[in-house]
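[1] this is a predicted model, with the sequence first.
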Amino acid sequence: MNKSIIMRSLYSLPLASLAMALPMQAMAQDESADEEQPRNVIIVTAQFREQALQDTPLAITAVTAEELQARSQTDLATIADSAPNVQIRPQTAAFGPSVTASIRGIGQNDFNPAYEPGVGIYIDDIYYPSLTGAIFDTLDLDRVEILRGPQGTLSGRNSIGGAVKMYSRMPSGDTGGFVEAGYGSRDRVTLRAAAEFPLTDTLFARISGVSKRQDGYVDQLDFG
């Protein structure tokens, strides 16, 4: 009887030590894997300095270029779908295509060029002071930042509802580009393209452009 007790204790000891070693080894592998994998950090400049989106003390939504492409958001009117309490809608106006923008119910609906929008629109930190012609294409952008709430201290210019800031993609020094073409109803033809190339060893350039063309609803016949 004593021999059987001794044998069971000998057999159980290595199994117990092995069971204790396996979780510790797996935990160590998980920790090393977490250290090797970088965080998905989005850098924003809402406070005019580079900060991680998670560390910015503002009600802000940042949409990267990859997200814009995946969601087929090709103009300013469709960006609002990515942010809560934001409404950007195109509207017809006497002076050209305009946009109605409001954040948390505060904005400007009148497209009169004499009025400034309640939601400021910025392109590379340059203020666009009119709602007329504000349906910009999201062409070759690095990111779009939507700031909710008054921005009079930093952004200024009557941005009482918030601000929509678009930032262009900067050249990285590589040679490349892209070309996109589309065709739709009423002979709609859309072209989007961008190219990047180095000028010198320390100077780089990036050029982008878009073209849209579409026929109208009615054909005008000239019987003269």
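    Looks like it arrived, so ask away.
[2] and the spatially most central residue of the chain, what element?
    Nearest to the geometric centre of the chain sits Val63, at 1.9 Å (CA atoms, centre = their mean). Using DSSP states H and E, Val63 sits within strand 60-64.
[3] mind listing the helices for the chain?
    2-36, 65-70 (DSSP state H).
[4] for the ones you listed, which has the smallest mean pLDDT value?
    In terms of mean pLDDT, the lowest-scoring of the helices of the chain is helix 2-36 (a mean of 45).
[5] list the buried ones in the strand holding Val63?
    Ile60, Thr61, Ala62, Val63 (16 or more other CB atoms under 10 Å). Yep, even glycine has a C-beta here, placed from its N, CA and C like the rest.
[6] of those, which is the nearest to Val41?
    Within the buried residues of strand 60-64, distances to Val41 taken as CB to CB reach their minimum at Ala62, with 10.7 Å.
[7] that closest one touches Glu145, doesn't it?
    Yes - using CB atoms under 8 Å, Ala62 is in contact with Glu145, at 5.3 Å.
[8] give me the common contacts of those two.
    Common contacts of Ala62 and Glu145, defined by CB atoms under 8 Å, 6 or more residues apart in numbering, comprise Val44.
[9] the nearest residue to Phe197 once chain neighbours are set aside: how many residues sit nearby?
    Leaving aside its sequence neighbours, Phe197 sits nearest to Thr175 (CB to CB, 6 or more residues apart in numbering; 5.3 Å). By the criterion of other CB atoms under 10 Å, Thr175 has 9 neighbours.
[10] contact partners for Thr175?
    By CB under 8 Å, 6+ apart, Thr175 lies in contact with Glu196, Phe197, Pro198.
[11] for Gln220, same thing?
    So Gln220 contacts nothing (CB under 8 Å, 6+ apart).
[12] okay, it: pLDDT?
    pLDDT recorded at Gln220 is 84.
[13] ok, it to Glu116 distance?
    38 Å (CB to CB, to the nearest Å).
[14] what's the answer for Pro84, then?
    24 Å.
[15] neighbour-wise, which of those two wins?
    Counted by other CB under 10 Å, Pro84 and Glu116 do not tie: Glu116 has more neighbours, with 16 against 11.
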